[in-house]
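# the sequence isn't on hand, but the structure is:
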Ligand code: SAH
């Protein structure tokens, strides 16, 4: 598609803004990702070598395998309960779960106890996941949103989520000469979307003392996820693993980013057609979880997490077993653990109920 041609969602948003005034960055991001008709995560396949972006499970089978073994160990740490729900948020193509279940065959009692629940709002991706997981012997079911996952009295739950927190909409606050404002999206004289101000007179953020004129700070509400985790933890043992790219705040900076066909583009260029995400503030997420009475382990760099789960040993074994693939396996592990790339930009954080021991690798 020609990027100079507004997308259908750009037209709809421009009409709405012309009528009602600027919308917040948060409302813009929410519309781009979740608009029922045009939202990116309602309609697109998104992930894969031929799609918009590639994720860790698509880079290497070892990623999902290690997480499968991690889940089996966590289940043992919970006292090997007779039933456990293994929940994945935003499972993408289903690759991580397929690799995880294959590796977990080493712990048959875990698989015998497990029920898989996939939380996926995107019907296109759910169809891909159904295909990927068609041959599984473990029961798998789908729910469209986390809120629909019921807490089962006495039920043990393990949650995994790779690159999901980054798609939750953010609010951007900006320090200007007239004080703090909420950043928004308006339209210019040509009818094109432009960044502007959604609301004036915002209270100065308590942690933004060092912010200079023009600086932006970001806020993301993860309270809803934390609340759901607390509800699950009140019913039975809970352990959750979130892996994403991000930082340990507080920090200033605009991290809103759009990616299409494996290239970055202006976040306003093609709403609904590009993936739109922002870095995760792990400190803020941890605070939301602790506020709910949950324990938090980490964050640690992805390289540290995968290293302590044995990524090097696992890769060497696979390389020995598949000499023709050895170079590819080695390169994939190097990419996931690169000290100046995914290995440190990505981080793993664990959230658990107080009664569950510290989670492996964190
Ligand atoms: N975990 C996968 C996919 C990451 S992309 C991987 O690593 O490859 C983000 C995923 O989150 C997609 O499956 C997307 O449809 C899903 N998603 C988007 N919004 C979501 C929400 N609010 N709750 C749960 N999943 C969501």
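Cool, got the structure. The structure displayed is predicted, hence computed values, not measured ones.

# how about the residues of the protein by the ligand?
Within the chain, the positions near the ligand by C-beta under 6 Å from any ligand atom are 41, 47, 55-58, 89-92, 96, 119-122, 125, 146, 162-164, 167. Using the backbone N, CA and C atoms, a C-beta is placed for each residue, glycine as well.

# in strands, which of those residues appear?
Using DSSP state E, the members of the residues of the chain next to the ligand that fall within strands are 89, 119, 162.

# looking at those residues, state which has the most neighbours.
Highest neighbour count within these: residue 162, with 26 neighbours (other C-beta atoms under 10 Å).

# for the ones in strands among the residues of the chain next to the ligand, which one is nearest the ligand?
The ligand has its nearest neighbour among those in residue 162, at 3.8 Å by C-beta to the nearest ligand atom.

# in terms of helices and strands, where is the closest residue to the closest one other than its chain neighbours?
Leaving aside its chain neighbours, residue 162 sits nearest to residue 243 (4.7 Å; criterion: C-beta to C-beta, 6 or more residues apart in numbering). Following DSSP states H and E, one finds residue 243 within strand 238-247.

# what lies in contact with that strand?
Contacts with strand 238-247, where a contact means C-beta atoms under 8 Å, 6 or more residues apart in numbering, come from 56, 67, 70, 74, 77-78, 156-166, 229, 232, 279-282, 285, 294, 302, 305, 342, 345-353, 356, 359, 362.

# now the stretch 1-150 of the chain against the ligand: closest residue?
residue 90 (2.2 Å).

# who's in contact with the residue lying closest to that residue once chain neighbours are set aside?
Nearest non-adjacent residue to residue 90, counting by C-beta to C-beta, 6+ apart: residue 164, 3.8 Å away. Counting by C-beta under 8 Å, 6+ apart, residue 164 touches 89-90, 242, 244.

# most neighbours among those residues, which one is it?
Ranked by neighbour count (other C-beta under 10 Å), the contacts of residue 164 have residue 242 at the top, with 26 neighbours.

# tell me where the stretch 101-250 of the chain has strands.
114-119, 140-143, 156-162, 170-176, 179-187, 193-202, 216-220, 238-247 (DSSP state E, counting those that start in this stretch).

# pull out the buried residues from the first one.
The neighbour-count check on strand 114-119 (16 or more other C-beta atoms under 10 Å) flags 114, 116-119 as buried.

# which two of those have the greatest separation?
Pairwise distances across the buried residues of strand 114-119 peak at 15.8 Å for 114 and 119 (criterion: C-beta to C-beta).

# helices and strands of the chain: which one has the lowest mean pLDDT?
In the chain, the helix or strand scored least confidently by mean pLDDT, DSSP states H and E is helix 40-43, which has a mean of 86.

# need the residues that contact stretch 133-145.
So stretch 133-145 is contacted by 94, 97-98, 101, 111, 114-121, 126, 129-130, 149 (C-beta under 8 Å, 6+ apart).

# cutoff 10 Å now
85-89, 91, 94-95, 97-98, 101-102, 104-105, 110-123, 126, 129-130, 148-150, 228 (C-beta atoms under 10 Å, 6 or more residues apart in numbering).

# can you give me the strands for the stretch 251-362 of the chain?
Assigned by DSSP E, counting those that start in this stretch, the stretch 251-362 of the chain shows strands spanning 257-260, 263-265, 275-277, 280-281, 295-301, 346-352.

# tell me which strands the second one pairs with, and in which orientation.
Read that as strand 263-265. According to DSSP bridges, strand 263-265 has the following sheet partners: strand 257-260 (antiparallel).

# how far out from the middle of the chain is the partner strand?
Chain-centre distance of strand 257-260: 15 Å, with C-alpha atoms, centre = their mean, to the nearest Å.

# tally up the residues packed near residue 267, please.
Neighbours of residue 267 using other C-beta under 10 Å come to 23.

# do the same with the one 4 residues further on
By the other C-beta under 10 Å criterion, the neighbourhood of residue 271 contains 29 residues.

# ok, now which ones touch it?
6-14, 28-29, 31-33, 35, 38-40, 185, 193, 258.

# next one: the residue of the stretch 251-362 of the chain found nearest the ligand, what pLDDT does it get?
Of all residues in the stretch 251-362 of the chain, residue 275 sits closest to the ligand, at 7.9 Å by C-beta to the nearest ligand atom. You'll see residue 275 listed with a pLDDT of 95.
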